[in-house]
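# Structural data only, the sequence is not supplied:
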């Protein structure tokens, strides 16, 4: 079904989304992002039970407990705008997910090998039999889609840290919804590199990157096979996605 939500452009007058070599916003392009002690990957580790329990308690309390470079990093709740956008993304994908038996989570983590690190996407779409690492983490290669919504406080993390982390984990599709940018936009990263190291911040982690500004149409490839009119992610009314041709 075609999207019925009107946009500021004509129905057949939308420019095509752009494929980008470097999707990072201009204000985030810097050589200073590489973290301290970069260049010395740690040995693979098992997450200690007490750390796993702490992360689960924090997540149950409404905080977002991630592990980066072996340290627990706690973020506050998502803001109202981010929650609204995740709700709209979920509603767009829910009919397809119900038909295919997929699951939608906002509090499951993606394990980032080879260390004990993990990330908590704002939305995680999983098949019914996703491969788990433990009680709160799944292997990235079994993920269907990871979604992050940018806010002023996490903008740099979503654009410069998480593409590398999700690609290293094997997440096939990483969607960034960016209401902070002007114009607002949605970026899809796909086809992760297989030879990434924990500190490869100067490499583009995904081979395919497509950005659609608000009002343009972005295609989610298989197993989704749908087109999304991006304006509905930033407005109040959500219409069914358009099947990809």
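Thanks, I have the structure now. Keep in mind it's a predicted model, so treat the numbers as computed, not measured.
# For the residue most central in space within the chain, name its beta-bridge partners.
With distances taken as CA atoms, centre = their mean, residue 147 lies nearest the centre of the chain, 2.9 Å away. For residue 147, the beta-bridge partners under DSSP bridges are residue 123, residue 175.
# shouldn't it be in contact with residue 120?
No. Applying CB atoms under 8 Å, one finds residue 147 not in contact with residue 120, separated by 11.4 Å. (Glycine included, C-beta is placed from N, CA and C.)
# residues in contact with the residue nearest to the centre of the chain?
86, 89, 121-125, 175-177 (CB atoms under 8 Å, 6 or more residues apart in numbering).
# out of the residues you listed, who's nearest residue 132?
The nearest member of these to residue 132, counting by CB to CB, is residue 124 at 12.3 Å.
# separation between the closest one and residue 152?
23 Å (CB to CB, to the nearest Å).
# more crowded one of these two?
Taking neighbours as other CB atoms under 10 Å, residue 124 and residue 152 compare with residue 124 leading, 23 against 8.
# Excluding residues flanking it in the chain, which one is nearest the more buried one?
residue 105 (4.6 Å; CB to CB, 6 or more residues apart in numbering).
# Per-residue pLDDT of the one you found, please?
Model confidence at residue 105, given as pLDDT, is 93.
# Could you report the neighbour count for it?
Residue 105 has 14 neighbours, counted by other CB under 10 Å.
# Phi, psi for it please.
Per-residue torsions, residue 105: phi -130, psi 150 (degrees, to the nearest 10).
# and the residue nearest to residue 169 when sequence neighbours are not counted, what does it touch?
Closest residue to residue 169 apart from its sequence neighbours, by CB to CB, 6+ apart: residue 140 at 2.8 Å. Counting by CB under 8 Å, 6+ apart, residue 140 makes contact with 110-112, 166, 168-171.
# what about 10 Å?
Residue 140 makes contacts with 110-113, 118-119, 131, 133, 146, 165-172, 174, 192, as judged by CB atoms under 10 Å, 6 or more residues apart in numbering.
# For it, grab phi and psi.
Dihedral angles (degrees, to the nearest 10) for residue 140: phi -60, psi -30.
# And for residue 182?
phi -130, psi 110.
# tell me the secondary structure for residue 158?
helix (DSSP: H, G, I helix; E, B strand; the rest coil).
# measure the residue nearest to it when sequence neighbours are not counted to residue 53 for me?
With sequence-adjacent residues excluded and distances taken as CB to CB, 6+ apart, residue 158 is closest to residue 148, at 4.5 Å. Residue 148 sits 26 Å away from residue 53, taking CB to CB as the criterion.
# What separation is there between the residue nearest to residue 169 and residue 114?
Distance of residue 140 to residue 114, computed by CB to CB: 12 Å.
# For the two, list the residues in contact with both.
Common contacts of residue 140 and residue 114 (CB under 10 Å, 6+ apart): residue 168.
# what about the helices in this protein?
In the chain, the helices defined using DSSP state H lie at 49-60, 80-100, 155-156, 162-169, 231-234.
# Sweet, I'm off.
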